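[1] Generate coordinates for the sequence data below:
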Amino acid sequence: MKQQSVFIAIIVLVSISSGCHKQLDLSPVSQVTSGNFYKTESDIEQAVIACYDALQAKGQYGQNFLYLMEVSSDNAKTSSITNSGGIYGDFDLFRVTANNAVLDQTWAACYLGIQRCNIVLNRIGAIGMADSTKNYRIGEAKFIRALTYFNMVRIWGAVPLVTKETTNPFNEFNHGRDDVSVVYSQIIKDLTEAAAALPNEQLNSNAGRVTKGAAHVLLGKVYLTQKNYAAAVTVLQSIVNTAFYQLLPVYADVFKTTNKNNKESIFEVQFKKASNGEGSAFANLFASDPSLVSGIGQALGDNVPTKAFIDSFQLNDGRRAATVGTVNGKNYCRKFIDPQPAQNLDGANNFMVLRYADVLLMLAEAMNEISYTANNSAFTYINQIRARVGLAALTVTTTPNQNAFRLAVERERKYELSFENHRWFDLVRADRAITVMTTTPSDNGPIIVNQNKLLFQIPQSQIDVKPGLILQNP
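    Okay, here's the model as predicted:
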């Protein structure tokens, strides 16, 4: 798609795609338009599935977020900085320009998903269906919209906030970037309303659909990002108190394709191999050697552990073997290469967005930011994470003050949540991105990270279609 037409293409798309959210086991919709669709409860159900489907896109969790959120961090790198003309390697070396295709694809994919959510929210009121089901579908759409905006506001800062279905693209040409605070207010509103409408759990037939817990956890992450620590503690503590989620005894089991949507999982983007193109690309993307995918497509090596990351593991940390593998002298991340893909870019792995370990670490972080207290519940929560992987408990002796505990949480998140799209945002949230990235050796050459690199550039295509309204980040 030509860059100049990206914005128009997104906002005029009012029919839903032929994709289907696999775990929900629903038939896709094809060749429909807004004029003859959205008439029945079944139509709305398919429209909601299309909202989930947007998260699978290459421009979101299907691929591009890996470059924005992991390869840009100290954990990961690309095996070759020149592949595909360097559009992926540029994230590794912090030399991304506004014309980088990844930025353009991601912006487009996010607004496509937002448009789908807005369609559901705009049309559902006129559909005859039980109030409980209607509220549930509204909650799903609001959660997905909030998640999408939360990713966008952390990637780009201020972005256009669109909360109504766009039926006339020309109405949007006067809509510039909305202030970050305005976007966050909408995210919090959406998640609060979603949490009130969503069920506590899903039956097996609905595995993968969002729940009340997912909305609360994402809300807690939003509050933590805003440094509203008291609000974060309140909402995250409620998740712990329900005892609905739990850490799995074995760390590696969290990521097995035979154990999707397990008791530690809170929200995963669903994929299924050999299912009409509904598989994930991760096996090929993460593989650094062809033997890892048995010659089924390329081993792209686009999200590979750095030497500094591997060397920094404690020797007895049980997460190392579950996270890092080596074949033919090449390192790779093991979390998303299980099992072999059915064909190129068609694997079975889901992508974990929210899980209980993240809850415990966020809660420990927020509690410590409010007040450091020796051996309090914050210690309990971080030590639960450490105990699972064979590490000694932190105490007031090992972690004697607030800053020491702050750094301990940062380190724990580095290893616990590696390659799950948290690391870059964690560093930015802690105001540590510049320090860490400029002092950690880079496998692919020197990098320059300064204050202007903490947000990514707005795609040039958006600036071109809205001159004077969409201004570039510094």
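[2] how deep is Lys273 tucked in, by neighbour count?
    21 (other CB atoms under 10 Å). For glycine as for every other residue, the C-beta is placed from the backbone atoms N, C-alpha and C.
[3] Show me the longest helix that occurs in this structure.
    If you go by DSSP state H, the chain has its longest helix at helix 131-156.
[4] ok, and the residue minimising distance to the centre of the chain, which helix or strand is that part of?
    By CA atoms, centre = their mean, the mean C-alpha position of the chain lies nearest to Val353, the distance being 5.1 Å. Taking DSSP states H and E as the definition, one finds Val353 inside strand 351-355.
[5] Just give the number of residues close to Gly468.
    Residues near Gly468, counting by other CB under 10 Å: 7.
[6] Enumerate every residue touching the residue nearest to the centre of the chain.
    Going by CB atoms under 8 Å, 6 or more residues apart in numbering, Val353 touches 61, 147, 266-269, 421.
[7] Over to Ser280?
    56, 62, 271, 273, 336, 345-351.
[8] What's the separation between it and Asn344?
    12 Å (CB to CB, to the nearest Å).
[9] who does the helix or strand just after the longest helix of the chain touch, helix- and strand-wise?
    The helix or strand immediately downstream of helix 131-156 is helix 180-197, counting by DSSP H and E. Helices and strands touching helix 180-197, by 3 or more CB pairs under 8 Å, 6 or more residues apart in numbering; DSSP states H and E, are helix 131-156, helix 212-225.
[10] Give me the distance between the first one and the centre of its chain.
    Same thing as helix 131-156. Its chain's C-alpha centre and that of helix 131-156 lie 13 Å apart, by CA atoms, centre = their mean, to the nearest Å.
[11] what's downstream of the helix or strand bottoming out on mean pLDDT in the chain, the next helix or strand?
    Within the chain, judged by mean pLDDT, DSSP states H and E, the helix or strand with the poorest mean is helix 6-12; its value is a mean of 37. Sequence order places helix 41-55 as the next helix or strand after helix 6-12, per DSSP H and E.
[12] Buried residues of that next one, list them for me.
    43-55 (16 or more other CB atoms under 10 Å).
[13] what's in contact with the helix or strand that that helix is followed by?
    Moving toward the C-terminus from helix 41-55, the next helix or strand (DSSP H and E) is helix 65-66. For helix 65-66, contacts defined as CB under 8 Å, 6+ apart pick out 76, 106, 151, 285, 302-303, 419, 421.
[14] try 7 Å this time
    285, 302-303, 421 (CB atoms under 7 Å, 6 or more residues apart in numbering).
[15] Please state the offset of that helix from the chain centre?
    Computed by CA atoms, centre = their mean, the chain-centroid distance of helix 65-66 equals 8 Å.
[16] Turn the helices and strands packed on helix 180-197 into JSON lines, including distance to Arg95 and mean neighbour count.
    Formatted as JSON lines, these follow (distance: least, CB to CB, whole Å; neighbours: other CB atoms under 10 Å):
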{"stretch": "helix 131-156", "distance to Arg95": "17", "mean neighbour count": "22"}
{"stretch": "helix 212-225", "distance to Arg95": "26", "mean neighbour count": "24"}
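[17] wait, which of these is closest to Glu365?
    Taking CB to CB, helix 212-225 is the member of the helices and strands packed on helix 180-197 nearest to Glu365, at 6.7 Å.
[18] what about whichever helix or strand comes after that closest one, average pLDDT?
    Once the chain leaves helix 212-225, the next helix or strand it forms, by DSSP H and E, is helix 229-242. Mean per-residue pLDDT for helix 229-242: 97.
[19] Same question for stretch 193-200.
    When pLDDT is averaged along stretch 193-200, the result is 96.
[20] In it, which residues are buried?
    Of all the residues in stretch 193-200, those buried under the rule 16+ other CB under 10 Å are 193-195, 197-198.
[21] Looking at those, which is nearest Leu224?
    For these, the nearest to Leu224 is Ala195 (16.2 Å; CB to CB).
[22] which ones are touching that closest one?
    212, 215-216, 219.
[23] State the pLDDT value of the residue nearest to the centre of the chain.
    For Val353, the predicted pLDDT is 98.
[24] Next: Phe425.
    Listed pLDDT for Phe425 reads 98.
[25] Is it in contact with Asn151, as I believe?
    No - assessed by CB atoms under 7 Å, Phe425 is found out of contact with Asn151, at 9.0 Å.
[26] what would the contacts of Ala195 look like in a markdown table with pLDDT and distance to Thr439?
    A markdown table is the format used below for those (pLDDT from 0 to 100; distance: CB to CB, whole Å):
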| residue | pLDDT | distance to Thr439 |
| --- | --- | --- |
| Lys212 | 97 | 41 |
| Ala215 | 98 | 37 |
| His216 | 98 | 36 |
| Leu219 | 98 | 33 |
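[27] where in the chain is pLDDT low?
    For the chain, the stretches with pLDDT under 70 are 1-36, 203-204.
[28] mind checking how far the spatially most distant residue from the centre of the chain is from Ala404?
    When distances are taken from the C-alpha mean of the chain, Thr397 lies farthest, 35.4 Å away, according to CA atoms, centre = their mean. In this view, Thr397 and Ala404 are 10 Å apart by CB to CB.
[29] What of Tyr52?
    From Tyr52 to Ala404 the distance is 41 Å (CB to CB).
[30] How about Ile187?
    Per CB to CB, Ile187 is found 32 Å from Ala404.
[31] between those two, which one's more packed in?
    A count of neighbours by other CB under 10 Å puts Ile187 above the other of Ile187 and Ala404, at 25 against 14.
[32] is it true that the more buried one touches Asn151?
    No - proximity of Ile187 to Asn151 does not meet the contact threshold set by CB under 7 Å, at 10.2 Å.
[33] ok, Asn368 - how many residues close by?
    24.
[34] scratch that, Asn403 is what I was asking about
    Neighbour count of Asn403, defined by other CB under 10 Å: 11.
[35] which residues touch the helix or strand hosting it?
    Asn403 belongs to helix 402-416 when assigned by DSSP H and E. Residues outside helix 402-416 that contact it (CB under 7 Å, 6+ apart): 75, 313, 317, 319, 357, 361, 364-365, 368, 372, 378, 382, 385-386, 394, 399, 422-423, 426, 430, 432.
[36] Mind exporting the C-alpha coordinates of that helix to PDB?
    What follows is helix 402-416, C-alpha atoms only, in PDB (Å, rounded to 0.1, in the frame of the first residue of the first chain):
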ATOM      1  CA  GLN A 402      14.400   1.900  48.100                       C
ATOM      2  CA  ASN A 403      16.800   2.300  45.200                       C
ATOM      3  CA  ALA A 404      18.300  -1.100  45.700                       C
ATOM      4  CA  PHE A 405      14.900  -2.600  45.700                       C
ATOM      5  CA  ARG A 406      13.900  -0.500  42.600                       C
ATOM      6  CA  LEU A 407      16.900  -1.900  40.700                       C
ATOM      7  CA  ALA A 408      16.200  -5.500  41.900                       C
ATOM      8  CA  VAL A 409      12.700  -5.300  40.500                       C
ATOM      9  CA  GLU A 410      14.100  -4.000  37.200                       C
ATOM     10  CA  ARG A 411      16.500  -6.900  37.000                       C
ATOM     11  CA  GLU A 412      13.900  -9.400  37.900                       C
ATOM     12  CA  ARG A 413      11.600  -8.100  35.100                       C
ATOM     13  CA  LYS A 414      14.500  -8.200  32.700                       C
ATOM     14  CA  TYR A 415      14.900 -12.000  33.000                       C
ATOM     15  CA  GLU A 416      11.300 -13.000  34.000                       C
END
